[in-house]
Structure formats: C-alpha cells, structure tokens
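**Student:** here are the coordinates; sequence isn't available:
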C-alpha cells in the first residue's frame, strides 16, 4: 500500500507563482497557438460535419434511444416487472401492467411510456431488466419533435424501434 | 352422478365404527370400499365418505391423493402393476416390462410389492404373480384378457 | 451354523395357516402362562429376554412396552405394523400367510401385558391376498373364543412406504395422510387419537409367545449378548434360492448366503450386499467377509441390519443403475411433508438420471454429496437420512463406477 | 451651436450607438468562433441568408430573433415586484450602454476653427461619467437576483454585489493614479497625453507609464464586467445560472447582451486610458495632418495588401472539407465577396488617391484623419475584446473566496501603494 | 403461568417462559431466523426446516419452532454451520421454484427473496428443464390466485382454512415433490376471511386477484389505520402510493397485528372496502346539484344558519373520529342546535359472525353512546346539518357534509374521508384506537372541524 503512494510536491510559493500573470501568459500562449493554427486553415480541424456527415463510430455499447425487444412470435418480451422503473434515477418510465393471455407469461405491460425528455440515458433500465426486454441499442442519438408529447415514447413506438447491432429478439424470453 | 354406499358396505362401515375410537379412522377403509364398489373414487364418493367419517371432504381428498393405490379416475383397461424395485430389477423386471409394452393393458411401474424372494413379480387385481418369465406372463395375460 | 426356528417353526407345514394345524403344533399354548403372570411380569420377561424390535430400528421391545401406562383412564391400543414396504424385505408376509395364529397369539399376550382392548394390524395395501389369509385366521380365532379379551382389526394401507414409520402409520390409522409426526420431547408411548399406543412389528409380536412360554433365558440362548434371539433373514437378488430363513443373530453372513441362498446365481462372484432393505448402506464383497449378522457388527462397518432383508448383487451389476433404482424408489415414496426430503429425493433422482444419461459432470457427483449432507438429520423422520446413507455408501464405495460415467 | 457641430454630435452619437449595439452580435460571434478555434472546433457556420453566412455571424442575428420570439415567461412564485424583475436586465444593459457614450472615437475635429469632440456625449468629465454610470449596472444584477425569489439567483446577486464592492475600490484607486498622472478627468485629454513617446522609443501609453495601475485597472474591469475568471455570480456548477436563473427570453437576452456591451465599454475604457485610445502609436494627429500625402500612400499600400491577404484567406477557409460533396453555396459566397472586396478596395484606393493628390481641402483631410482614427479605435477595441475572449477560454473560474482575497488583500493595497508612488513621482517631477 | 428461565442466545442472556417455543422468543427479540411454515396463530408444523438453530448438547441443528425453552439452554443462530444448513435447505426450497419474480406480485415482500439475500446468494444448481411443473395462475375464487409452482408447501394456508376458518377448502394433495396446494376439483375458496391466506403465504403462491399487477409493493407506502367497515375496529395497514403526476391512491388494505382487537387477520369485506372509499367522491361544494365556489358555499351556509335560527338539528355519522364529533358538538352548542346520531341504519345482523365481523357497521358508535348523543331521528327541525350520516332526512333545508356524492339538491360540502385525516375511534369493546392520516391528496379536502374553524366557529 504505502509504496503506491506518490507524493507530489506542492509548487514552490515563489513570486512567479504568486503573481499569476506568467501562468496566465503561458495559458494564453497555448490558446493562441490553437487559435492561430486553426484560423489559418479551418478545414484542418478534425470535426464531424454533422448533419451532412453522420457518425460511423457508434459502438454497440452506445446508449441510444430505447427499444422494447420481441419474442419469437413477435410479441413484447416485457413482463411489466417494473424493474426498469424502479432503477430509473429520473423516474421517466411509466408502466401499467395487465394479464397476459397467450400463456407465454402471466403479465405484460398494458402501457409502457418513456418520457425521453426526462430520461438521462444512464442505461440503468437496461441493466435492471431481467428479461432483456428493454435495450438502448437502436443507435438513435438524435430525437426531434415539435411538441413535448412527441418525446414521450409509447409501447408501440418502443417496439417498432429496430436494434442497430443485429440481435433483434430478447435473449431471456423466447 | 351421485354416489351412495351399497347396503352391504354401509353395514361394514357400521361394524367397523365400533372398532375404532373415532369415525375419522374409517377414512381408509371407506376409500377402499368405494374403490371396490365403483372401481375408482369419485368426488361424490368423497363427500359420502366425509359424511360417514366426519372428516371434511378436502381432507378425504388429500388422503386419497396421498396413497398410490387409490385412483381418482375411472380406469378402463386391465391394470398390471409391475414391480420395478431393486430385487425385481436385478431378476429381470425390465424384460417383463418391455414385453408388456406390446399388450393391450395399462402398465403401472410400481415400487416394491414385497415379493423380493420371488422376483420378478406383478400384481393384477390384488393377486400376485411371482417368479415371472416371459412365457408365464404370456399365459397369465391370455387367461385374463 | 445351527438351525433355530422360533417364528418359522410351522412355516413348512401344509395348511399351516389354519387353527387346527396351529393347535396341533403348539399354537396358543403360551396363553396358559397368562394365568401365572401379571401384565407387569410379562413386560418384565420381555425386557429380560432382550427382544429387539424387528421392524428395522432394533430398539428394545421391552423398554417400549414399559412406557405403556398400566393404570390409565384412557384406553390403550396395540398396533401391529405389517406395512412391510422396505424393498428386499418380505418376512412379515411369511408370518401372516404361513403362521397367522402365532401372530394372533402374540397379540393376545401383548394386549394382556399392556392392558389393551383393541389391536390393529396395519397391513400394506398390496398384501390383499395375505390379508385374506390373516382375516380367515382371525375369524377362526374369534370362532374358537380366543379373542374375548381383545379385538383384532385389520386396517389396510393403500401404498405408502412412509406408513411403515410408526408415527406416520398412526396418522394413517387416524384416517389422515401418512405424515410422520414431530419427534416427542421425552420418552413416551405413541398416541392414537390421544390414547397411549404400542406399535410393534409383526415379527416382534410373533416372537412374544415363544418368550412367554419358554422364558427369557430360552430366548437369550439364541443370538449374541447384545442381539439375542433370531431374525427372519430374507435374501433376494442374484441368488440361487432366494427366500426367508430364520437364523440367530451373529450368524456369518456369507455362510448364511451359501447355506440357505445356495450362493450367487450362475456361479458369479459376489459384488455387493445391501444387508437389510435398501435403506441400509451397501456393503462390498470385501466388507462381507467374516461379517456376522447382528446389529452391532453391521453398525461397525457403517451400515445397519435393518429388517434383515439382504439383496445380493453379482459382479456384473452396475452400481449406478442400482443407486438410480433406489433413488427412484425414494423419489416416488417421499411423503413431501418437509423440505429436505421432498425436494432432495426428487433432485437426487434427477441428478442420477443425468449422470446415467451421460450428461452428468463431476459437479453432479459433488452435488449428490452435498445433498446427502443436507438431507441427513434435518428432517422430521428418518426417511431422508436413509437416502443420505444410501447415497454416501454407494458414492464412496463404488466411486470409480460413478466417475467413469461422468468423464 | 453651429450646424456643423450639430452634425458632428449626431454623427458621433450614431457612431457610438452603432458601435455599442452592432458589436454585440459581432462579439457573440467572436466569442463562439474564438472559443471553437481554441478548442479545435469549427463553431457556428450554418445559419445563412440566401447562402450568405458571413463566417457564421448570421447565427448571432438568428439567436436574437429566437430570443425575441421566445415565450415571455414569468415564474409563478414571483408575486411582488414583477416590474423590477423585468426591469433589472434593462438597467444592466442601459447602464453599460450609457457608460460607453463618454468614450472619444477620434481626436477633436477642427471645423472652421470650431473644436468639435467626436464623442457621443461631448463632455470633459468622461472618467467620472464612466465611474458613475458604469457602477449602476450591478444594480440590475442585484435587483434581478433578488426579485427572482430563488436561492440561486439571490446567491448570484449577492456574489455580484459583493464582488463589485471589492473591485470598485482598486478600480477607482487605479484610475486615481491615472488622473494624477494625466492630470485630467477628460478621456480625450488622456488620449492626448498618451500621444508621443516615453523614453524616446516606447509609445507614451498608460501601460508603460503606469504599468501597475494598468494591470489593476484591467483586472478590476474584468471583475466589473463579470467576465471570466470572475464569473462567480453565475457559477453554473454551484448556483445553476446565478442571478439570471429565472430570467428567460428577452430578459435573459438583456443580461446577456448587457454583458457584451459592458465588456465593450470596459475595452474602450482600457484602450482610452492605457493603450493610447484612437491614436496611432508614434503619430499624433497633427503629424498625420502635416504629412497627409505620405500617410495616404502608406494607407493605400496597407489597404491593398490587407484586402489581398483577406481574400486569399477567405478563399482558403470559406470552403467545406473535400469529404462533403455539397458545399451549401459557399463557393458562390466566396466569389461574391471576392468581387465585393475588390470593388471596395478599388473604391477606397480611389478615394485615398483623391485625398492624397487631388484634394487640397484641410477639412477633408482632417475628416479623413478622424475616420482613420475611428478605424484605429475600432481595431484596438476589437483586439481588446478578443483579449477578453481569449482570457475567458484560457482561464478557469476563480473560487469565490479567491476572488475576494485577490480584491481586498492584493489589489487594494497595491493600488494604494501605487497612488502613493505616483504622487511622489508627480510631485517630484513638478518640483 | 410457568417459570421464567434464563437462556443464552448467541452469547447474550435472555429470559423466557419455560417450555415456550424458542422461535417465539427469537421473533420477539428480533433475532434473525428464517421460517416459512411457522406462524404465531397457526403454530409449528415443522415442515419447512428453515428455522434451524444450534443448541449446545445436541449434535444436530434443531428447528426452533419445535424446540422448547429450557433452563440454561445455549442457543446459537449465527454460526457457520447454521448458516450453511439454512443455505442448503433454502436451496432445496428454490430447486423447484420457478423464480419468476418479475411477474410475481409477492416480489418485494417475499420470504424466499429475503432469505435468499440473507443466506443464499448462490448460483442455482438446477437447470430450468429439470424443474417440476405445476399449474400457474389458478383462480381459487374469493379474489385469491394460486400459483402452485411458487409454493414452498409450508401449509400455512391449508392450516388457516382448517384451523382458523374451519372451512377446509385448501389442502396439500399428492406427495413427494409432486405435492401441491389446491382446492378440491371444481370447488372454490369461499369464506369471508379467504384473502388472509394471501398475507399468510410467505411466497408468491397465493396472491390477491384484486391487487394483482396493480403496483409493485416497494413503491407502496404503508400507513397505520383502522378499518371503518364495522365496529370491530380492525387494525390495518393502508398501502398507498402517489405516482408521478398522479394523485395519492390506496391500492390495498392489509391486516395489522393487534392481539387485543383482530389478531393477524381482517375480513375480506373490510379488506376490499378501500375501493368504494375512492369512488364517487364529493370533490367540490354543490348547490342544486351544481358546483359552486367555496366562497359562495360559505355564504350560503351562513345565510341558512341565519334563516333557520333556533330550529337546527345536527346529525352525526357514527363513523366520524371522536375529535370530529366533539368539534361538531361544540359547534352545535354555539348555534344552539340539537344533536342527533341515529344508529339504526348501521345495524346489519347478516354481516356479523363470531370472528371479526360485527353487526354494527359503524366504527365509532361507541363514542356516540358514551357521549350520550340522542340516537333517534331529528324531530321538528327546519334545518338539518348532516355530517356524513348515511340516512336521508326530511326538513325545509339541509346542509350536507359528504365524503361521497349523493343525489341531493341541498348545499353540500365535500369533506375528507377517514384515510385522509386522523383521529381516534372507540370500538365495540371500548378499546380506543388512533388512526393515522394515510393519504395526502394533491388538493386535500378539509375535515368538518376544518370547515367549522374556517367558518368562524371554535
């Protein structure tokens, strides 16, 4: 333990440090360097010219818009256990449960809303789901709408989202 | 389809009642009587037993499901209970069972019938058939079917 | 090895089940002694004889009789346990079919000793044929006026191994499911509808007339110091002449098998013996060498004498299959009252099935060991501990055969 | 008052107003663009009117439109003093705007012997004006924060108020040093004082004459304008948005723009007091008038070179990367502006040519010099605004206690010492 | 009364009655002991084998529910062996459990879950295909749903129907690992206390059809209240929850243990009474069936009082809290009104039984009696102020304080229901109990005493 401790010496309390101004100058030098380099050739700046250019480096771990996965027969994998709603730090998942009649399970969501305006995209719901029913693998990173209501995703919308990285069906509920 | 004990059985029950400190003890004897009378134990019969023994119907039902020899459903075919426990298995019960597969009977794989010394053994209608061989099974079934 | 016939004296006689044959051969003579002895004296004689319960546990019968109150306001009952369901055991069947009057005589004496007016014979449901013989004998006895002092009622079970356990048997006799009762906190008799009750095995009761007639010492002349008397040992499995043969305690096992059983079938080598019904730990051929048949000697090799029903297996027997068969039996027969037995019996059976199907792994065997540990001593009755003993004896003594399956 | 005087007053007032207001979008744009360039980004460059993007400056106008059209929202919990809540940002904005009006943009214009100040408010006590009006701005902040009935807003207001108190003192004391040195409270006279050289080679700028007071002045003005590293009043990490947490739409825009106007004013004051104001270094107004032809020729050369350089730069940079097929009309914009700049350059060259060689009118020459001085002033102003911006994107924010420590423990004693030394030197020199 | 003896549990001294059950002491002292089958009212059955403890001098662990306290007993509940034993037995309980917690309403208040977190936390050794399958979601009737797979066969429910209600509807049939709880084929669970088996069930085998899928229990807030269904005054938990953007809603009533009043149980009628409590509420003041503002109502109230001076009768509902009744009496005295509380309407002999149901369907009628309020119907009054009394009275004018909407033309003021306010009640056995406010509505309704205060009385 003790050999892992790295003792960093405090900067000497010299006049140079106390004055701040040299440090400010050094900082300004750095910013100026970038400023002049970029102003002389702005296209050398490596940025993505969105929206003409779309990102190509979204990994399968990227937390995009949510979706509800399906079972083999196309019905929802969700059993309305409320684990996602419980785990949700921003309380943006609203579920109502009902009896499921097809015998695959006992319970299913009657309604399932995610208020994406309240959502912080932390992915806890995906972690919490025992049925692999909710995922954030759609790769959808931009969501637009004209009204607040447009951002409240209902069950049908969530089910209609496609996974961007293969694997359409729930792994836990077949 | 309601059930009522036959007169003969009612007399038997009355006689048995004197032998036990409580009518509750008659649960098993009554179930046997029902099974012999009807061939199986119907829910109506359970109610009738309940009446005789003062045990609630559910308790009678529970007792009936506990013991393997009581049947809650009508059984059509000839019932052949073949012992498959260790001694019989060691003496070739598997061959007998395999042979019976082709017959028009219901085969019940039952546990030890208490005839280990005369294994393999099967029981049909309370009668034991011991020291079975395939030929013996053939002749027994021929006689019964 | 000397011949000794205390219980099986009349077995070989034709029509031995009839009263006349029984009378001719000394039946009901012990009843004369009842005029000499008081009930407590009879209990003392039984205790002095060292008669041990022959249903498997081997507890002293006399001590049990002593627990019965002599001056109780409540009626006392005698229950004869004829629910002989232990695989490999079929001795009580011999008694009730070949010498039922011996049993009736024993019951009369016992009822006298414990002041019971009512005796029940709880017979297993599968013994319908033998029940009829016994019923015939009882009717004869009634007819002869022998049963004035007590009534004997045959109570037929309906196929539940657990009803051989005395408290489960009483539950069943009370018209309930055969669930064993919680152990009593102190030494006390059994209770039947709240009345003191004695529960003894058929053979134990059948041994009583001899003791009463000839005295405790005559009985002690047989057997060993700690296990006096005789037992109807049974043999089945891979043996030339299977059957029930009475022998005294302390008889050499292999000699017994050779002499009565005619040796292993087809002249094969002996592989293993289950000494007293499947609930006893299995013995390898090596362990059987020089082993005497008494409670103490078998306990010394980590098994029990049980009911004395030996199952003999020859060298070609697959031990995993034997174990599977026994586990199937337990799975089927567990009463399902308490958790370790209910779930453990089924689970061990399923694991064993996996192993036999070739889908098992080493962990499965480990699981069986753990299960055996969990089932041992944590249940209401001794059903689950028996599974545990069987599992452990098979798995440790024939480990190689099991490991061959999972590799 | 003569008609020419009225014309000059109107022109300079218009100039001042335009300079103050039109620089807002410019400064917002600059802030964004400079920030992005410093951070290796591109910055706003998409908004356009008929394809004209003006390097992204259109974005600022779009934002103004957006803020104007936003819902005028009042928090429901504000039950009393709603008018003050609404009025507060206006105070800040107007105060900063008025303070700017005392700054001279060019030297006094001599029209037919009449001396006319090129100053929106032709007053000779500009320093006092600035000190008086400039300090009112913080009232808007305090009112706004207080009337918001919001703890974060109140905390922000309290921070702003206490910071202004801590920094008004060093500010005033450092200005006092300048007053002692320059012996005037007139901005124009101050600029005059800074004409010429110091020790023969340095321009006689305040920064060289009064280096300590200059630095204190600059630091104090950074604090006064609530600019980084003194943005504790709106420290997002602790108090959401400080005093403007509850302000939305145009009310927020007022604060926002007020900050830029204040920054602009601060820059103007610093330039005027420390960096020689509208004056070209080394060249006084009189010298320019005397050697006007030579000056005009130099101007013609500089202008030509500048326009050439600018067009080249524009052609290089007003493009999109090769990765994109569609350039959104930038090639057209570049072509248009290339032509426009050439035309403009030619016109300016011709005017200069006319002034240098054909025109003999003194009035025309002095107006030309005034125009050049205005241009120089604007250039200096923008450079100093750029400095403000660069500092903002370079330095992290001070902690609140550090702000107070700096103000009270360092700047105040230093400025006092500086007054003492200045007084000694001034008295010593005059003896 | 038997002897009190000293025993040592986990190294600490405790005192307990000799020959009492060890598990009772453990539960009472808050010493963690897992158990399924034991229940204070149902006694020991000894079938779950979870409550194993070590007892010095015994070579094997013993079940605490079948161990009697003896002088000088040394008990160990925390040793590694005991933990291991509990873990192993728990694992056996879980072997045939479907582990469908996501769809199980019991999740969150399930003993299996709790014990698993405490003692298990192991990986399952069984594959799903090997589990014993039983029926799921069987409607037993009486609002009880049965899931045989989740059952741990503790037999609490069957013992409840056998010993408490003596109706014997439920039983464990079959044997071995095929054993399951069921009713007789074609017969249903039907007794007035049936839903108590839902509370008794330590796992999710028996769940309430009424509460099925309504809420997850961990969202619910439990408040202590008193049932107003009859004069018995059963103690209940009021489980309610205020969902985001919604109002505070009650989802179920659960019995709360009080040995002096109701023991562990409540009747089904009381349990389901939360429903009508929340329906058809009077939410604003009405006059001639039309909504009016609070101010207008106030004015109308004063006008009516002035108009009918000296001829006013106040009728008090026998379900109101004592505090309310007292403030109404005060008010009546100030305006010189007569006070009535007719009790006949509450009498319902068909409701009564010998367990928990009383024939008097008014929670606080004892207070009315104790205070000596006239129990006849009001006579000769021109104005009747009806404080939520269920009966309708004839008079020239009426002022109603109602919790629930009724057909009336008179001035009606909405008041808070009993779950929305707190107060004391005296039950038929003269036991006074306090009921806490459970529900906090987004826009709370005042109580009658709030009104009277607001109107300038008191």
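**Tutor:** Right, received. Where do you want to start? Since the structure is predicted, the reported quantities are computational estimates derived from the model, not experimental observations.

**Student:** measure the nearest residue to residue C:302 once chain neighbours are set aside to residue C:391 for me?
**Tutor:** In this structure, residue C:302 finds its nearest non-sequential neighbour in residue C:281, 5.6 Å apart by Cβ to Cβ, 6 or more residues apart in numbering or on different chains. From N, CA and C alone the C-beta is placed, and that goes for glycine too. Separation of residue C:281 from residue C:391 (Cβ to Cβ, to the nearest Å) stands at 10 Å.

**Student:** Residue D:63 too?
**Tutor:** For residue D:63, the distance to residue C:391 - Cβ to Cβ - is 80 Å.

**Student:** Look up how far chain C lies from residue D:229.
**Tutor:** Taking Cβ to the nearest Cβ, to the nearest Å as the measure, residue D:229 falls 65 Å from chain C.

**Student:** dump the residue contacts of the residue nearest to that residue when sequence neighbours are not counted.
**Tutor:** Leaving aside its sequence neighbours, residue D:229 sits nearest to residue D:395 (Cβ to Cβ, 6+ apart; 4.4 Å). Residues near residue D:395 by Cβ atoms under 8 Å, 6 or more residues apart in numbering or on different chains: A:24, A:27, D:228, D:229.

**Student:** repeat for residue B:53
**Tutor:** Contacts for residue B:53 were tallied using Cβ under 8 Å, 6+ apart; they are B:23, B:24, B:25, B:26, B:27, B:30, B:60, C:175.

**Student:** Was I right to think the first one contacts residue B:51?
**Tutor:** Going back to what we said before, that points to residue B:23. No. Here residue B:23 lies out of contact with residue B:51, judged by Cβ atoms under 8 Å, at a distance of 10.0 Å.

**Student:** buried residues in stretch E:242-259?
**Tutor:** E:248, E:250, E:251, E:252, E:253, E:254, E:255, E:256, E:258 (16 or more other Cβ atoms under 10 Å in any protein chain shown).

**Student:** Using JSON lines, please lay out the residues you listed together with pLDDT.
**Tutor:** Formatted as JSON lines, the buried residues of stretch E:242-259 follow (pLDDT from 0 to 100):
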{"residue": "E:248", "pLDDT": "92"}
{"residue": "E:250", "pLDDT": "94"}
{"residue": "E:251", "pLDDT": "94"}
{"residue": "E:252", "pLDDT": "93"}
{"residue": "E:253", "pLDDT": "93"}
{"residue": "E:254", "pLDDT": "93"}
{"residue": "E:255", "pLDDT": "94"}
{"residue": "E:256", "pLDDT": "93"}
{"residue": "E:258", "pLDDT": "92"}
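
**Student:** In strands, which of those residues appear?
**Tutor:** Using DSSP state E, E:248, E:250, E:251, E:252, E:253, E:254, E:255 are the members of these that sit in strands.

**Student:** quick one: which of these is nearest chain D?
**Tutor:** Closest approach to chain D among these (Cβ to the nearest Cβ): residue E:248, at 22.9 Å.

**Student:** So what does the nearest residue to that closest one once chain neighbours are set aside have for phi and psi?
**Tutor:** Excluding the flanking residues, the one nearest residue E:248 by Cβ to Cβ, 6+ apart is residue E:242, at 4.3 Å. When quoted as degrees, to the nearest 10, the phi and psi of residue E:242 stand at phi -100, psi 100.

**Student:** Would you mind measuring from residue E:242 to residue E:221?
**Tutor:** Distance from residue E:242 to residue E:221, by Cβ to Cβ: 8 Å.

**Student:** Out of the buried residues of stretch E:242-259, the closest to chain A would be?
**Tutor:** Nearest to chain A out of the buried residues of stretch E:242-259 is residue E:251 (Cβ to the nearest Cβ; 12.5 Å).

**Student:** List the contacts of the residue in chain B positioned nearest to chain D.
**Tutor:** Proximity of chain B to chain D (Cβ to the nearest Cβ) peaks at residue B:58, 63.9 Å away. By Cβ under 8 Å, 6+ apart, the contact set of residue B:58 is E:161, E:168, E:169, E:170, E:171, E:183, E:184.

**Student:** ok, which stretches of the stretch 51-200 of chain D are strands?
**Tutor:** Counting by DSSP state E, counting those that start in this stretch, the stretch 51-200 of chain D has strands at residues D:106-111, D:114-118, D:197-198.

**Student:** in what helix or strand does residue E:86 lie?
**Tutor:** helix E:80-95 (DSSP states H and E).

**Student:** Stretch E:337-353: which residues count as buried?
**Tutor:** Quick answer for stretch E:337-353 (16+ other Cβ under 10 Å): E:337, E:338, E:339, E:340, E:341, E:342, E:346, E:351, E:352.

**Student:** what are the ranges of the helices in chain A?
**Tutor:** A:15-19, A:21-40, A:83-87, A:124-128, A:155-160 (DSSP state H).

**Student:** same deal with the stretch 351-458 of chain E?
**Tutor:** E:365-371, E:448-454 (DSSP state H, counting those that start in this stretch).

**Student:** Can you lay out those as JSON lines showing mean pLDDT and mean neighbour count?
**Tutor:** Listed next are these as JSON lines, based on pLDDT from 0 to 100; neighbours: other Cβ atoms under 10 Å in any protein chain shown:
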{"stretch": "helix E:365-371", "mean pLDDT": "90", "mean neighbour count": "20"}
{"stretch": "helix E:448-454", "mean pLDDT": "86", "mean neighbour count": "19"}
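
**Student:** In chain C, which residue sits nearest chain D?
**Tutor:** residue C:363 (53.9 Å).

**Student:** low pLDDT regions in chain B?
**Tutor:** Scanning chain B for pLDDT under 70 picks out B:1.

**Student:** How is it divided into domains?
**Tutor:** B:7-66, B:78-144 (automatic domain parsing).

**Student:** and of these, who's closest to residue D:276?
**Tutor:** Closest of those to residue D:276 is domain B:7-66, at 107.3 Å (criterion: Cβ to Cβ).

**Student:** list the contacts for residue E:164?
**Tutor:** Applying Cβ under 8 Å, 6+ apart to residue E:164 gives the contacts E:41, E:42, E:193, E:196, E:265.

**Student:** I misspoke; the intended subject was residue D:285.
**Tutor:** Residue D:285 neighbours (Cβ under 8 Å, 6+ apart): D:107, D:195, D:279, D:369, D:373.

**Student:** same check, this time on residue C:347
**Tutor:** C:371, E:92, E:95, E:126, E:177.

**Student:** now with 7 Å?
**Tutor:** Neighbouring residues of residue C:347 by Cβ atoms under 7 Å, 6 or more residues apart in numbering or on different chains: C:371, E:95.

**Student:** Look up phi and psi at it.
**Tutor:** Here is the backbone geometry of residue C:347 (degrees, to the nearest 10): phi -70, psi -40.

**Student:** List the buried residues of stretch E:394-411.
**Tutor:** By 16+ other Cβ under 10 Å, the buried positions in stretch E:394-411 come out as E:395, E:397, E:398, E:399, E:400, E:401, E:402, E:403, E:404, E:408, E:410, E:411.

**Student:** neighbour-wise, which of the contacts of residue E:164 leads?
**Tutor:** residue E:196 (27 neighbours; other Cβ atoms under 10 Å in any protein chain shown).

**Student:** and whichever residue of the stretch 1-150 of chain C sits closest to chain E, how far is that from residue B:88?
**Tutor:** Distances between the stretch 1-150 of chain C and chain E by Cβ to the nearest Cβ are smallest at residue C:85, namely 13.8 Å. Shown here: residue C:85 relative to residue B:88, a distance of 14 Å by Cβ to Cβ.

**Student:** Looking at these two, which is more packed in?
**Tutor:** Regarding residue C:85 and residue B:88, a neighbour count based on other Cβ under 10 Å identifies residue B:88 as having more, with 30 against 24.
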